[in-house]
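**Q** Have a look; sequence and predicted model below, questions after that.
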Amino acid sequence: RDGKADLLARLSEGLSVIKATGEYDRIYQKWFGLMEPKAVTFNAVLKYILAIMSVFLGAVIAFFVWSMSLRKQVSQRTKQLEQEIEERKKTEEDLGRSGERYRNLFDSTVDGVFQVDAAGLFTHINRAGARIFGTNPEEMIGTPAANYWRDPSARITYITEVKAKKSVSSYHMLARKKDG
């Protein structure tokens, strides 16, 4: 037992020297440090909070920039659409005026003018043309043009010319009036 006390005293003295030099902490950390939970310091918590806030702030800034970009794009596209609408309105007005001038010219000419579709039906005829056939334009629209040809063989010549040229103008024909 006396030897144990002496050994214990020597070990205690060696241990206090190792603790004083910091060697004990280094050895302890090397062998047991991984097993002990580290104490959470205020600086570590603050570091994590700042990192999370930075990511959140970055997301908010990115969302704000994206939102502003979308607003700018919507504003530009709205201006483009407004310009297109104005141009279309102007074009429609011009087209309406042009169509009205065409109708006035079409209706006021003294020559008979008419248009027949691919099925051979009257689609347009002016008053002078309807007078030639002894009727009015409203009665002729939608009726077969063949009803008004005096000579059926001349009609075949006319149709051949239309198919070849896709359109015929200033064509003179012998017509038959509504009453025969």
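**A** In hand now; what should we look at?
**Q** which residues in the chain form strands?
**A** Using DSSP state E, the strands found in the chain span residues 114-116, 122-125.
**Q** Okay, the most centrally placed residue in the chain and residue 8: tell me how far apart.
**A** Centroid check for the chain by C-alpha atoms, centre = their mean gives residue 77 as the closest residue, at 10.4 Å. As for residue 77, its distance to residue 8 is 89 Å (criterion: C-beta to C-beta, to the nearest Å). (C-beta placed from N, C-alpha, C; glycine too.)
**Q** contacting residues around the helix or strand of the chain with the lowest mean pLDDT?
**A** Every helix and strand in the chain was compared by mean pLDDT, DSSP states H and E; the lowest is helix 152-165, with a mean of 81. Contacts to helix 152-165, defined as C-beta atoms under 8 Å, 6 or more residues apart in numbering, come from residues 146, 149, 168, 171, 173, 174.
**Q** out of those, which are buried?
**A** Burial by neighbour count, 16 or more other C-beta atoms under 10 Å: within these this picks out 149, 173.
**Q** how about the contacts of helix 152-165 in JSON lines, adding distance to residue 32?
**A** Converted to JSON lines, the contacts of helix 152-165 look like this (distance: C-beta to C-beta, whole Å):
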{"residue": "146", "distance to residue 32": "113"}
{"residue": "149", "distance to residue 32": "117"}
{"residue": "168", "distance to residue 32": "109"}
{"residue": "171", "distance to residue 32": "113"}
{"residue": "173", "distance to residue 32": "117"}
{"residue": "174", "distance to residue 32": "123"}
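**Q** quick one: which of the contacts of helix 152-165 is nearest residue 63?
**A** residue 168 (67.3 Å; C-beta to C-beta).
**Q** Could you say which of the strands of the chain is packed most deeply?
**A** Between these, strand 122-125 has the highest mean count of neighbours, a mean of 19, where neighbours are mean count of other C-beta atoms under 10 Å.
**Q** That strand - contacts with which helices or strands?
**A** Counting contacts by 3 or more C-beta pairs under 8 Å, 6 or more residues apart in numbering; DSSP states H and E, the secondary-structure elements packed against strand 122-125 are strand 114-116, helix 137-140.
**Q** which parts of the last one are buried?
**A** Read it as helix 137-140. Counting neighbours by 16+ other C-beta under 10 Å, one finds that the buried residues in helix 137-140 are 137, 140.
**Q** from now on call the first residue 872
**A** OK, 872 is where the count begins now, so the last one is helix 1008-1011.
**Q** For that helix, give me every contacting residue.
**A** Contacts with helix 1008-1011, where a contact means C-beta under 8 Å, 6+ apart, come from 985, 993, 996, 997, 998, 1000, 1001, 1004, 1049.
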